[in-house]
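Undergrad: Sharing a model that was predicted from the sequence below.
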Amino acid sequence: MRTVRAPATSANLGSGFDVFGVALDRPADVIRVERASRTTIDVTGVGSQYIPEDPEKNVVGAVAEALDAPAHIEIDKGVRPSSGLGSSAASAAGAALALNALYGRGLSRTELVPVAAEGEAVVSGEAHVDNVAPALLGGFTVAREDEVTTVEADIALVACLPEIAVSTRDARRVVPSHADMEDVVHTVGSAATLTVGMCRSDPELVGRGMDERLVTPARSELITGYGGVRSAALDAGATGVTVSGAGPSVLAACYPDDRRRVAAAMIDGFEDAGVEARAYQTRVSDGATLF
Ligand SMILES: Nc1ncnc2c1ncn2[C@@H]1O[C@H](COP(=O)(O)OP(=O)(O)O)[C@@H](O)[C@H]1O
Ligand SMILES: N[C@@H](CCOP(=O)(O)O)C(=O)O
């Protein structure tokens, strides 16, 4: 038997749509795998009632198939599905690392990124790697078509998860297919600023670099209360606020000493819009841990 703790992740960070991602130190899924003649899956934990146990429909089934590693797979969900916190990616990355060890496949974490992305294709229709890369490699990751670059960074974050669900598949439908050059230039500037901020572990630059006008405006309309939550977080000291992944979680960057205040302000902001929410006081962190 092998066990992996696989962290939540936040993709996009505003200016890096489908490119940027960070591993978070909480919440996380715990994946246990045991050799078997065919793959079976048990799911418990947060939101498990919404997650299929059929290997054809659960992301870990596709990962077991890709590694030719049939197993009994127990998933204890800490990352709520449809949260914008890489829930499906946590399971896919955790299963890839655990099954690789169980069957002695010898793949590196970098080589496991496309394997875990096979799982992502089951739920979103596309094998995007911007969540599985940080879940496996940790830190801040920059994913391009054929390479992933990682940077260790120490940035305090708050991820505020409201009691509403937005599926990644639905949120991809509202992404505009065209953009004005002025907005593209603005986004490139933000993405570069954010990257420098991560390299320097500078919360001011990371926060400013989250600003983006291409995808976030359309996506934020799917999140009841987004505008109020964003303003409340900024008033409480956040250096930048954006939609986490495809939403509905909202991500704020801040100084460590402001994290509690920012978290409380974001919960209150959602409450003002009649939405219950919980906030994770977190930070950019390591990738999955194999026990
Ligand atoms: N192991 C898994 N963990 C979480 N969700 C899963 C898993 N396997 C399949 N799913 C499905 O994936 C969808 C959630 O994925 P996604 O929308 O990408 O959420 P998130 O935004 O949190 O990553 C749900 O429909 C869920 O049923
Ligand atoms: N780049 C993807 C990221 C989806 O992240 P998730 O945590 O919401 O699954 C997108 O923005 O669609």
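TA: Thanks, I have it. Ligands and ions are numbered 1, 2, ... in the order given.

Undergrad: got the contact list for residue 168?
TA: Residue 168 is in contact with 82, 88, 123-124, 245-246, counting by Cβ atoms under 8 Å, 6 or more residues apart in numbering. To be clear about C-beta, it is placed using only N, CA and C from the backbone, and glycine gets the same treatment.

Undergrad: residues in the stretch 151-291 of the chain within reach of ligand 2, list them.
TA: Counting by Cβ under 6 Å from any ligand atom, the stretch 151-291 of the chain comes close to ligand 2 at 168, 171-172, 245-246.

Undergrad: got these as CSV, with pLDDT, distance to ligand 1 and secondary structure columns?
TA: Formatted as CSV, those follow (pLDDT from 0 to 100; distance: Cβ to the nearest ligand atom, whole Å; DSSP: H, G, I helix; E, B strand; the rest coil):
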residue, pLDDT, distance to ligand 1, secondary structure
168, 80, 4, helix
171, 89, 8, helix
172, 88, 10, helix
245, 96, 5, coil
246, 94, 5, coil
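
Undergrad: Return the backbone torsion pair for the closest residue to residue 165 other than its chain neighbours.
TA: Closest residue in space to residue 165, ignoring its immediate chain neighbours: residue 82 at 4.1 Å, by Cβ to Cβ, 6 or more residues apart in numbering. Note on residue 82: its backbone torsions stand at phi 50, psi 50 [degrees, to the nearest 10].

Undergrad: what do you get for residue 22?
TA: phi -130, psi 150.

Undergrad: Mind checking if stretch 59-75 is in reach of ligand 2?
TA: No - counting by Cβ under 6 Å from any ligand atom, ligand 2 has no neighbours in stretch 59-75; the shortest distance is 10.7 Å.

Undergrad: what comes up buried for that stretch?
TA: 59-67, 69-75 (16 or more other Cβ atoms under 10 Å).

Undergrad: For that stretch, give the mean pLDDT please.
TA: Averaging pLDDT along stretch 59-75 yields 97.

Undergrad: how far does that stretch stretch from start to finish?
TA: The straight-line separation of the ends of stretch 59-75 (Cα to Cα, to the nearest Å) is 11 Å.
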